[in-house]
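Visitor: Got a predicted structure here, sequence first:
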Amino acid sequence: HGIPLYMKGQLTVKQPVHMSDLTTGIMNSLSDPDAIGQTYEAFGPERLTMNELVRYIYDCTSRTPEGWNFHVSELMLDPLAFVKAYITGVSGVGGVNCFYQTNLDTLERMSISDESQGLPNLTDLGVKLHTLHEKMPWEVAARDAHKYYLYENVEEVPVIKPPKTVTFSEERDLQLKRASGLLNLIPGI
């Protein structure tokens with residue numbers, strides 16, 4: 001299954017937040033009088049590319065590119081992705097059960113980097129943010145391709161490397177490269 005991402009997700013930087021951290025922030029805001037009328041940003045503690053995020057999720061489910069035909073495809077060269085997204089968006093049938101809930105809005109949101117506006121965030125509400133490596137393996141455990149397998153010893157258990165985060169300078173380089181737009185599809189430019 002190819003997952004269509006703009007520039008294969010290598011130029012889109014995301015900062016995922018776990019739902020329990022978001023819920024804790026909401027609950028804390030209800031009892032904080034200073035939170036009345038405030039807007040808070042909901043970002044996680046790590047910044048990583050969309051490509052790295054997708055790769056990490058697949059790694060957590062014991063799926064390999066070879067065994068499961070997993071790859072990230074270029075969204076702009078995949079017209080079928082746009083057709084599927086359009087049909088899902090306008091169709092009253094299926095909705096959440098068609099094409100992994102992908103519609104045109106979802107494709108656009110997956111292509112936009114998360115950027116802070118400088119507003120207060122969840123840590124200002126007293127939330128201790130969890131990293132992706134702390135929560136994601138548990139979240140996708142139900143989709144683990146080998147969850148039925150009982151390992152005979154610890155050495156057999158696959159080791160999942162943590163996702164590679166993006167530094168400030170790397171993110172700045174990605175922003176400059178992203179500014180070239182579709183010219184990035186042409187090799188050597």
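Guide: On my side now, so go ahead.

Visitor: Mind exporting the C-alpha coordinates of the helix or strand of the chain with the lowest mean pLDDT to CSV?
Guide: In the chain, no helix or strand scores lower on mean pLDDT, DSSP states H and E than helix 65-68, which sits at a mean of 76. Taking Å, rounded to 0.1, in the frame of the first residue of the first chain, the C-alpha atoms of helix 65-68 are listed here in CSV:
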residue,chain,number,x,y,z
PRO,A,65,8.4,-2.7,3.4
GLU,A,66,9.3,-6.0,1.8
GLY,A,67,6.7,-8.2,3.5
TRP,A,68,3.8,-5.7,3.4
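
Visitor: Would you state the helices of this structure in chain order?
Guide: Assigned by DSSP state H, the chain shows helices spanning 19-30, 50-60, 65-68, 79-90, 104-111, 132-139, 168-178.

Visitor: If you average pLDDT over each of those, which is lowest?
Guide: Per-stretch mean pLDDT for the helices of the chain is lowest at helix 65-68 (a mean of 76).

Visitor: Now find how far off-centre that helix is within its chain.
Guide: With C-alpha atoms, centre = their mean, to the nearest Å as the basis, helix 65-68 stands 20 Å off its chain's centre.

Visitor: any idea how far Leu119 lies from Ser31?
Guide: 20 Å (C-beta to C-beta, to the nearest Å). From N, CA and C alone the C-beta is placed, and that goes for glycine too.

Visitor: err, Pro120, not the other one
Guide: Pro120 is 16 Å from Ser31, by C-beta to C-beta.

Visitor: higher neighbour count, these two?
Guide: Pro120 (14 against 8; other C-beta atoms under 10 Å).

Visitor: if I pick the more buried one, what's in contact with it?
Guide: Residues in contact with Pro120 (C-beta atoms under 8 Å, 6 or more residues apart in numbering) are Gln38, Thr39, Tyr40, Glu41.

Visitor: Swap in 7 Å and give it another go.
Guide: Shown in contact with Pro120 (C-beta atoms under 7 Å, 6 or more residues apart in numbering): Gln38, Tyr40.

Visitor: Asn28 versus that one, what's the distance?
Guide: 12 Å.

Visitor: Please apply the same query to Val157.
Guide: Applying C-beta to C-beta to Val157 and Asn28 gives a distance of 37 Å.

Visitor: higher neighbour count, these two?
Guide: Using other C-beta under 10 Å, the more surrounded residue of Val157 and Asn28 is Asn28, with 16 against 11.

Visitor: Between its first and last residues, how far does stretch 67-80 reach?
Guide: In stretch 67-80, first residue to last residue: 23 Å (C-alpha to C-alpha, to the nearest Å).

Visitor: Then stretch 152-172?
Guide: 46 Å.

Visitor: Same question for stretch 136-143.
Guide: 11 Å.
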